[in-house]
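Engineer: Take this sequence and fold it.
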Amino acid sequence: MSKSNASTPHRPLSPPTPRSDWDRGLAEPLVGGNRVALLPDAGAAFAAMLDAVDDARDHVNVENLVDVEGPGLDLLRRLESRARAGVRVNLLVDRRPLGDGVEAALQPLRRSGVSLGEHDSAAWSGLFPGAPRCSEPRELLVVDGRDAFIGGLDVATGRGLPQEARPGPRLQVQGPVLQRLQRLFVVHWQRFARGPMQQARYFPALAPAGLQRMGVAAADSGERNPFVEALLAAVGAATRRVLLASPCEQPPRRLIQALVQASGRGAAVELTVPRAGSGLLRGMPMRQALHAAGVVVHEAQPGRWHARLSVVDGEWVGIGSARLDWRNVVRDGEAGIVVVDSTLAGRLEQMFADDVRRTRGAAAPCSTPGPHGYPGTHYAGDFRP
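Structural biologist: The predicted structure is shown next:
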């Protein structure tokens with residue numbers, strides 16, 4: 001368990017009222033008895049993860065999350081230290097986004113006894129020159145089978161971004177749903193790694209840790225993304241409001257249609273995406289269709305918006321690595337978590353509103369006011385606090 005970090009676990013006073021349609025789109029039903037802590041920024045997330053790794057006694061399983069510089073390099077060094085102390089460490093990594101220096105960074109881990117597995121996305125893509133690459137951008141950390149961290153951290157791809165870049169929130173998870181996250185890592189290891197995982201107690205008995213209902217939505221590259229299916233089902237059932245943030249300029253057509261339909265049913269729908277690129281007016285038809293339907297689109301400065309979150313009707317929360325573009329729907333391997341909890345939803349809605357509020361100084365005129373009282377389209381500049 002973490003020694004100290006910036007996260008503040010929230011514990012509802014009573015279980016949320018079950019709503020049967022929140023399970024739609026998931027391969028497995030939501031499981032109760034979980035506890036989730038919101039880690040709102042990269043600093044809080046990495047502080048909590050490093051503390052958890054330092055406290056590991058049996059094993060640490062990591063998928064991606066590492067880098068050759070910055071916080072990702074700090075995590076590599078902590079993994080090496082725990083391996084030398086006798087903790088079983090399994091690291092599954094995609095070399096391609098890490099670039100130069102990855103071999104030198106991984107060698108000390110091999111010498112310390114860390115088991116290394118590598119995604120083969122670059123190798124397979126190289127067989128077909130000119131073909132689009134598949135990737136495995138899932139990011140997951142499981143410690144002793146009792147603590148897990150998940151979310152879109154963009155560790156390697158975030159390298160070199162401005163200090164004011166806005167990353168997405170992350171979650172620290174405890175409770176029965178951890179078994180599913182651990183199973184997800186084991187399945188990935190069996191698919192991609194060439195050697196076995198180290199022997200450890202990967203599936204300890206887990207008592208209920210909280211009141212949140214949670215589910216896991218994940219897919220390997222080349223498979224249809226169940227997180228998108230779950231999000232489509234949630235938006236399709238929305239009756240009050242939908243808040244959606246994505247680092248993709250143009251979400252897939254089915255999601256656009258679902259947002260338009262939700263707005264037509266009377267739900268307040270807001271979407272934050274990067275500002276449309278200039279090439280061929282990329283993303284502009286999508287924005288025009290959303291505006292015509294009364295959907296509020298907030299535009300963030302390209303390169304500075306990396307948040308991934310979805311909140312539906314103040315209850316359903318979706319967080320994960322999915323960028324919500326067409327690649328994620330049919331190609332890349334992604335992982336997401338679904339939480340049904342009004343307290344967590346409220347905190348994320350406040351984060352969304354705070355980000356929108358920072359855009360007011362550079363708002364573009366629009367005739368359609370948003371639910372927060374702002375014009376329908378905003379250009380988000382620096383995202384400075």
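Engineer: Just the pLDDT at the spatially closest residue to A237 that is not a sequence neighbour, thanks.
Structural biologist: Closest residue to A237 apart from its sequence neighbours, by C-beta to C-beta, 6 or more residues apart in numbering: D21 at 4.7 Å. (Each C-beta comes from the backbone N, C-alpha and C, glycine too.) Looking at D21, its pLDDT stands at 72.
Engineer: ok, D94 to F192 distance?
Structural biologist: Separation of D94 from F192 (C-beta to C-beta, to the nearest Å): 9 Å.
Engineer: next one: D67
Structural biologist: In terms of C-beta to C-beta, D67 sits 19 Å off from F192.
Engineer: V68 now?
Structural biologist: 20 Å.
Engineer: Around D354, count how many other residues there are.
Structural biologist: Neighbour count for D354, taken as other C-beta atoms under 10 Å: 11.
Engineer: tell me the secondary structure for it?
Structural biologist: helix (DSSP: H, G, I helix; E, B strand; the rest coil).
Engineer: Sketch out the low-pLDDT regions of the stretch 101-250 of the chain for me.
Structural biologist: Within the stretch 101-250 of the chain, the ranges that satisfy pLDDT under 70 run 120-137, 152-168, 219-224, 249.
Engineer: Strands along that one, start to end?
Structural biologist: Assigned by DSSP state E, counting those that start in this stretch, the strands in the stretch 101-250 of the chain fall at 115-118, 140-143, 147-151, 170-174, 212-219, 241-245.
Engineer: any chance of those in TSV, plus distance to A27 and mean neighbour count?
Structural biologist: Output for the strands of the stretch 101-250 of the chain, formatted as TSV (distance: least, C-beta to C-beta, whole Å; neighbours: other C-beta atoms under 10 Å):
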stretch	distance to A27	mean neighbour count
strand 115-118	24	18
strand 140-143	17	26
strand 147-151	17	26
strand 170-174	18	25
strand 212-219	7	25
strand 241-245	22	23
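Engineer: Quick check: which of the ones you listed is nearest to A230?
Structural biologist: For A230, the closest of those is strand 212-219, at 5.0 Å, according to C-beta to C-beta.
Engineer: what's that closest one in contact with?
Structural biologist: Strand 212-219 is contacted from outside by 12, 16, 18, 22-23, 25-32, 34-36, 138, 173, 175, 177, 180-181, 184, 225-227, 229-230, 318, 320, 333-341, 344, using C-beta atoms under 8 Å, 6 or more residues apart in numbering.
Engineer: if you set the cut-off to 6 Å instead, what comes out?
Structural biologist: For strand 212-219, contacts defined as C-beta atoms under 6 Å, 6 or more residues apart in numbering pick out 26, 30, 32, 34, 36, 177, 180, 184, 225-227, 230, 335-336, 338-341.
Engineer: In helices, which of these fall?
Structural biologist: Of these, the ones assigned to helices by DSSP state H are 180, 184, 226-227, 230.
Engineer: what residues are shared contacts of D94 and F192?
Structural biologist: Residues within reach of D94 and of F192 at once, by C-beta under 6 Å, 6+ apart, are H119.
Engineer: Next up, the contacts around A193.
Structural biologist: Neighbours of A193 in contact, by C-beta under 6 Å, 6+ apart: G117.
Engineer: Please report how far it lies from R201.
Structural biologist: A193 is 19 Å from R201, by C-beta to C-beta.
Engineer: again, but for E118
Structural biologist: 25 Å.
Engineer: Identify the residues contacting the closest residue to A267 other than its chain neighbours.
Structural biologist: Nearest residue to A267, sequence neighbours excluded (C-beta to C-beta, 6+ apart): A238, at 4.7 Å. Applying C-beta under 6 Å, 6+ apart to A238 gives the contacts 262, 267, 312-313.
Engineer: ranges for the helices of the stretch 51-200 of the chain?
Structural biologist: 70-84, 102-112, 121-126, 178-192 (DSSP state H, counting those that start in this stretch).
Engineer: Need these in TSV (columns: mean neighbour count and distance to D58).
Structural biologist: Shown next, in TSV, are these (neighbours: other C-beta atoms under 10 Å; distance: least, C-beta to C-beta, whole Å):
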stretch	mean neighbour count	distance to D58
helix 70-84	19	10
helix 102-112	15	17
helix 121-126	15	30
helix 178-192	18	12
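Engineer: Make TSV out of these and add distance to A258.
Structural biologist: Output for these, formatted as TSV (distance: least, C-beta to C-beta, whole Å):
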stretch	distance to A258
helix 70-84	35
helix 102-112	39
helix 121-126	29
helix 178-192	26
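Engineer: closest to P252 out of these?
Structural biologist: Minimum separation from P252 across the helices of the stretch 51-200 of the chain (C-beta to C-beta) falls at helix 121-126, 20.8 Å.
Engineer: now the end-to-end length of stretch 231-250.
Structural biologist: End-to-end distance of stretch 231-250 (C-alpha to C-alpha, to the nearest Å): 16 Å.
Engineer: For that stretch, which residues meet the burial criterion?
Structural biologist: Buried residues in stretch 231-250, counted by 16 or more other C-beta atoms under 10 Å: 231-238, 241-250.
Engineer: Check stretch 52-66 too.
Structural biologist: Buried residues in stretch 52-66 (16+ other C-beta under 10 Å): 52-53, 56, 59-66.
Engineer: Closest one of those residues to H188?
Structural biologist: Nearest to H188, judged by C-beta to C-beta, of those is E63 at 6.3 Å.
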